[in-house]
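1. take a look and give me a structure for this.
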Amino acid sequence: MSIFEEQGFLSDEVKNEKWKVEKYYEKEFSICNRLNILLMEMTKKLNPDKSRKELLSNMLTMRFCQSLQSVVILLGHAINSDSHSIIRNMLECYLALACLLKDEDFFVSINEYDEMRFKHDMILFIEKNSHIKELYKQKNSDLNDTKKSLSKMLDNVPRKEKPMASVFYKKTKDELQSQRAYLDYKSLSNTHCHISTNSFLQNYKKDNDKSYVHYRGIYITEMHSIIKKLVDVCVFFAMRLDEEFFNNEYNSKLESIAMEIYNYYTQKGVIFHKDNLPEKST
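-> Residues are numbered from 1 along each chain as shown. Reported below is the predicted structural model:
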């Protein structure tokens, strides 16, 4: 049987221990599965033929559900950083949905600009790199014509902004959920996702004056933090869809799921209710 030190998360040891992880965090996985079922139901009910807004919302919801399912699979194997990375993608997806529902024309225009800019920049990249340019030499004429056409279109684009989390947030920053989502997005970007001092420290350990880099699974406190962020963004996303397309049909279910995990974590001391916080530090 292969062990963790030899093959990491692909080892037989991790596969054999998976049931223990799911049993220990039974409440957390149950909550995630219920949210997944609810969001998948919403995905099926959205009608892409009804409007452009509903079509784009359907696409975002499908992507969001796939990310949720990926996180649950990774958490079942106690995988740390990649779980955070996908939740970061889910937070960006929520901000995109919020932007779309607030200003559909703006959302579409920045995505159209981004598609043109991407094609234009890729052609420039090919032209400026000799080895890659040689690979495309049979298509140089076509690429040049495409570049000229794209350049003209880009000059006439009214909004030259990229579809990214900071732009989505700027459009929706007056909303509490967007503020919460963008805070988590920026925090996860630096602490787990980007190449940064904080992300490096996730695998650094010092013990008895000896420093070493270690390959590890997820800590209990990290699991609690991940689940809290995951539930938050799922509830934000689903409630936004519910309000826009389903006349708050799912509101009571979402509140029930959210309160179940929040109350459970309050009892365990993972999170604290604001009414239980001291008025001042001592």
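2. tell me what the helix or strand where residue 30 lies is packed against?
-> Using DSSP states H and E, residue 30 falls within helix 26-45. Judged by 3 or more CB pairs under 8 Å, 6 or more residues apart in numbering; DSSP states H and E, helix 26-45 is in contact with helix 52-76, helix 220-245, helix 251-268. In short, each C-beta sits where N, CA and C put it, glycine included.
3. redo that, cut-off 10 Å
-> Packing contacts for helix 26-45, counted by 3 or more CB pairs under 10 Å, 6 or more residues apart in numbering; DSSP states H and E, involve helix 12-24, helix 52-76, helix 220-245, helix 251-268.
4. looking at this, residue 118 is in a helix?
-> Yes: the assignment for residue 118 (DSSP: H, G, I helix; E, B strand; the rest coil) places it in a helix.
5. residue 179: which of the helices and strands packed on helix 26-45 is closest?
-> helix 220-245 (10.8 Å; CB to CB).
6. could you check the angle the closest one makes with helix 12-24?
-> Orientation of helix 220-245 against helix 12-24 (axes from the mean of the first three to the mean of the last three CA atoms, to 10 degrees) gives an angle of 60 degrees.
7. roughly how far is helix 220-245 from the heart of the chain?
-> With CA atoms, centre = their mean, to the nearest Å as the basis, helix 220-245 stands 11 Å off its chain's centre.
8. and if you look at stretch 36-54?
-> For stretch 36-54, the distance to the chain centre is 19 Å (CA atoms, centre = their mean).
9. check stretch 68-87 too.
-> The mean C-alpha position of stretch 68-87 is separated from the chain mean by 11 Å, CA atoms, centre = their mean.
10. mind checking the end-to-end distance for that stretch?
-> Distance between the two ends of stretch 68-87: 8 Å, counting by CA to CA, to the nearest Å.
11. for that stretch, list every residue counted as buried.
-> 68-72, 74-81, 83-87 (16 or more other CB atoms under 10 Å).
12. in this structure, what spans have low per-residue confidence?
-> Under the criterion pLDDT under 70, the flagged ranges of the chain are 212, 214-216, 272-282.
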